[in-house]
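1. My questions concern the predicted model and sequence given below.
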Amino acid sequence: MPLVGMIANPAASKDIRRLVAQGRVVPDWEKVNTLKRALLGLQAVGVDRVVAMPDSSHLVARARDDSNLSLELESLDMPALYTEGDTVRAAQMMEEMGVGCVITLGGDGTNRAVAKGSAAIPIVAVSTGTNNVFPTMIEGTLAGLAAGLVVQGELDLSRVTVVSKMLEIYIDGQYQDMALVDVALSRERFVATRAIWDMSTIYEVFLTRAEPSSIGLSSIGGRLQPLSLEEEGGLYYRLANSDGAESASRNPDNSIKVLAPIAPGMISTVPISDWRLLVEGERVPVEPRFCTIALDGERSISVTPEHKVEIGISRTGPPVVQVELVLETAAKLGLFNT
């Protein structure tokens, strides 16, 4: 029986960037409506069972409460601690249950947690966070249709998905954590509010994707060398710090200033002292210093000069469903014919 998972983050789009920038707030009722449309899309293509992660706002359960929906909704039997660990565990459980596709509602951080739990389940990533690169603005109905078609088994997944790249953090030779889009080294020594928004605090950045049409760290990289999810490798850049402590470029020819949207409504000139492309499989040593490591926009790990930190890049993440390609392929195959 085709089985689809749903993981919705009620905290997405509610961090500090609503105070320091013009980031949008996506209220719970809008998330519920998006999920409801996704459920209707799933039901329309024959999915009659959905499993969801429990969340503090009961988003998926509220979405299911509609007379037009007849599919079965099952909530994962797991303790809800309302932390990132819930999402990681939910993705693990969904893989064990044989979920064929998961619809996520959240930002880069939400999808990073899903990827930590399972790198095998194809993801339809619907954006509701801030500065997002991994998820996209997909209408809920189309997200449901695409996920439903994926689990029916009539499409070649290798043709309608792209396997994600990942940035892997190693400390003292041991794997520590990962990111789907960006890793930033921040001079802030404490995790604190977690979200990265002040570029003057950043030393250097590693990217899997550098997209000029995005907002945030990826957009800066996109001004240096556009790099998509499908293309091989990644991109590294070092910022020329405002205090001049590291203003000397390792490669003067790569010193440049770029105009980039670093947050919604915040467009700044960003001085770059060095940048280069990354090759998949390499590990880049990070200069020893006191700093925090931000993963997909949120400070997560504190390190000292005594730690040996390396950043690697690989294509070992979860498959990302290309919604437009799924719908186009399904139409060509006559899967919408009744």
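-> Right, received. Where do you want to start? Residues are numbered from 1 along each chain as shown.
2. C-alpha from now on. contacts and neighbour counts both.
-> OK.
3. where does this structure dip in pLDDT?
-> Filtered on pLDDT under 70, the chain yields the residue ranges 12-24, 129-130, 190-197, 242-252.
4. Which helix in it has the most residues?
-> Identified as the longest helix of the chain according to DSSP state H is helix 28-44.
5. Going by neighbour count, which residues in it are buried?
-> Within helix 28-44, the residues that count as buried by 16 or more other Cα atoms under 10 Å are 28, 31-44.
6. tell me the contacts of Gly233?
-> Thr208, Leu277, Leu278, Val279, Glu280, Ile313, Ser314 (Cα atoms under 8 Å, 6 or more residues apart in numbering).
7. Now do the helix or strand following the longest helix of the chain: which elements does it pack against?
-> Going down the chain from helix 28-44, the next helix or strand is strand 49-52, by DSSP states H and E. In terms of contacts (3 or more Cα pairs under 8 Å, 6 or more residues apart in numbering; DSSP states H and E), strand 49-52 is packed against strand 4-8, strand 72-75.
8. Which one of those lies nearest to Ile267?
-> strand 4-8 (29.8 Å; Cα to Cα).
9. got the angle between that closest one and helix 28-44?
-> 170 degrees (axes from the mean of the first three to the mean of the last three Cα atoms, to 10 degrees).
10. next SSE after the longest strand seen in the chain?
-> Determined from DSSP state E, the single longest strand within the chain is strand 266-278. Once the chain leaves strand 266-278, the next helix or strand it forms, by DSSP H and E, is strand 283-285.
11. what comes into contact with that next one?
-> With Cα under 8 Å, 6+ apart as the criterion, strand 283-285 contacts Lys308, Val309, Glu310, Ile311, Gly312, Ile313.
12. Of the residues you listed, just say which sits nearest to Asp156.
-> Nearest to Asp156 out of the contacts of strand 283-285 is Ile313 (Cα to Cα; 26.4 Å).
13. Contact partners for the closest one?
-> 165-168, 208, 233-234, 278-283.
14. any idea how far it lies from Gly140?
-> Ile313 is 31 Å from Gly140, where distance means Cα to Cα, to the nearest Å.
15. Quick check: phi and psi at the closest residue to Pro2 other than its chain neighbours.
-> In this structure, Pro2 finds its nearest non-sequential neighbour in Val151, 5.6 Å apart by Cα to Cα, 6 or more residues apart in numbering. The phi/psi pair for Val151 (degrees, to the nearest 10) reads phi -80, psi -10.
16. you'd agree Arg299 is up against Ile293?
-> Yes: at 5.6 Å, Arg299 counts as touching Ile293 under the criterion of Cα atoms under 8 Å.
17. quick one: common contacting residues for these two?
-> With Cα under 8 Å, 6+ apart as the test, Arg299 and Ile293 both reach Ser186.
18. now, of the helices and strands packed on strand 49-52, which is deepest in the fold?
-> Here the criterion is mean neighbour count by mean count of other Cα atoms under 10 Å, and of these the winner is strand 4-8, at a mean of 27.
19. what are the ranges of the helices in the stretch 151-300 of the chain?
-> Taking DSSP state H, counting those that start in this stretch as the test, the helices found in the stretch 151-300 of the chain are 157-160, 217-224.
20. Distance from the first one to the middle of the chain?
-> For helix 157-160, the gap between its own C-alpha mean and the chain's C-alpha mean amounts to 20 Å (Cα atoms, centre = their mean, to the nearest Å).
21. ok, now stretch 291-311?
-> Relative to its chain's centre, stretch 291-311 lies at 18 Å (Cα atoms, centre = their mean).
22. could I get it in CSV with only the CA atoms?
-> Provided in CSV are the C-alpha atoms of stretch 291-311 (Å, rounded to 0.1, in the frame of the first residue of the first chain):
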residue,chain,number,x,y,z
CYS,A,291,34.0,30.2,16.8
THR,A,292,30.6,28.6,16.4
ILE,A,293,29.7,26.5,13.4
ALA,A,294,26.3,27.3,11.9
LEU,A,295,24.5,24.6,10.0
ASP,A,296,22.0,25.7,7.4
GLY,A,297,21.7,29.1,9.0
GLU,A,298,21.7,28.2,12.7
ARG,A,299,24.6,28.2,15.0
SER,A,300,24.9,24.7,16.3
ILE,A,301,28.5,23.8,17.4
SER,A,302,31.1,25.7,19.5
VAL,A,303,34.8,25.0,18.9
THR,A,304,38.1,26.2,20.2
PRO,A,305,41.6,26.5,18.6
GLU,A,306,42.4,23.1,20.1
HIS,A,307,39.8,21.5,17.8
LYS,A,308,40.8,20.3,14.3
VAL,A,309,37.8,21.1,12.1
GLU,A,310,37.4,19.9,8.6
ILE,A,311,34.5,20.4,6.2
